[in-house]
Each structure stands twice: as C-alpha cells, then as structure tokens.
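> missing the sequence, but the structure's below:
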C-alpha cells in the first residue's frame, strides 16, 4: 500500500520512505499494538464460494 497518512502507517509492518524518487529510509514498525490486515481478514465471515480460496 502507498499512503501519505501517518495514521495509516501504524498498521504497516514496514515503512519505506522516498524523497524525489530516492529511497531515504527503510524501517520496520516497532509498534506493539500493530493491527495486521491478515488478522482482521481472518475474523471476517467467509462469503459464499470463498471456501476453496482460503488456506
């Protein structure tokens, strides 16, 4: 995902920052309260026909 919103960044595991098309920072997020999208998706009810696509 690409974002300019700091409140969205807190959901990431890694933040890569660019300035003028050049990499300036690549760091792992250290927030212990991090919410992972895979955890949220795992809690959602499956839609009909999705059973074959989930592992």
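Thanks, I have it. Given the structure is predicted, the values throughout are model-derived calculations rather than measurements.
> any chance you could map the strands in this protein?
Listed in chain order, the strands found in the chain under DSSP state E are 14-19, 22-28.
> Each with direction, which strands does the last one pair with?
Yep, that's strand 22-28 we're talking about. Applying DSSP bridges, strand 22-28 is found paired with strand 14-19 (antiparallel).
> who's in contact with the partner strand?
Strand 14-19 has contacts (C-beta atoms under 8 Å, 6 or more residues apart in numbering) with 9, 23, 24, 25, 26, 27, 28, 29. In this view, the C-beta of every residue, glycine as well, is placed from N, C-alpha and C.
> The same query, at a cut-off of 10 Å, please.
Applying C-beta atoms under 10 Å, 6 or more residues apart in numbering, the set of residues contacting strand 14-19 from outside is 2, 3, 6, 9, 23, 24, 25, 26, 27, 28, 29.
> Just give me how far that strand sits from the chain centre.
Centroid displacement of strand 14-19 relative to its chain, using C-alpha atoms, centre = their mean, to the nearest Å, is 13 Å.
> Which pair of the contacts of strand 14-19 spans the longest distance?
6 and 23 (19.0 Å; C-beta to C-beta).
> Could you check what's spatially nearest to the most centrally placed residue in the chain, not counting adjacent residues?
Closest to where the C-alpha atoms of the chain average out (C-alpha atoms, centre = their mean) is residue 12, at 4.0 Å. Counting by C-beta to C-beta, 6 or more residues apart in numbering, the nearest residue to residue 12 once its immediate chain neighbours are dropped is residue 29, at 5.5 Å.
> which residues does that neighbour contact?
Taking C-beta under 10 Å, 6+ apart, one finds 9, 10, 11, 12, 13, 14, 15 in contact with residue 29.
> Next one, pLDDT for the second one please.
For residue 10, the pLDDT comes out at 73.
> tally of neighbours for it?
By the criterion of other C-beta atoms under 10 Å, residue 10 has 13 neighbours.
> Give me the distance between the helix or strand bottoming out on mean pLDDT in the chain and the centre of its chain.
Lowest on mean pLDDT, DSSP states H and E among the helices and strands of the chain sits helix 37-43, with a mean of 72. Centroid displacement of helix 37-43 relative to its chain, using C-alpha atoms, centre = their mean, is 11 Å.
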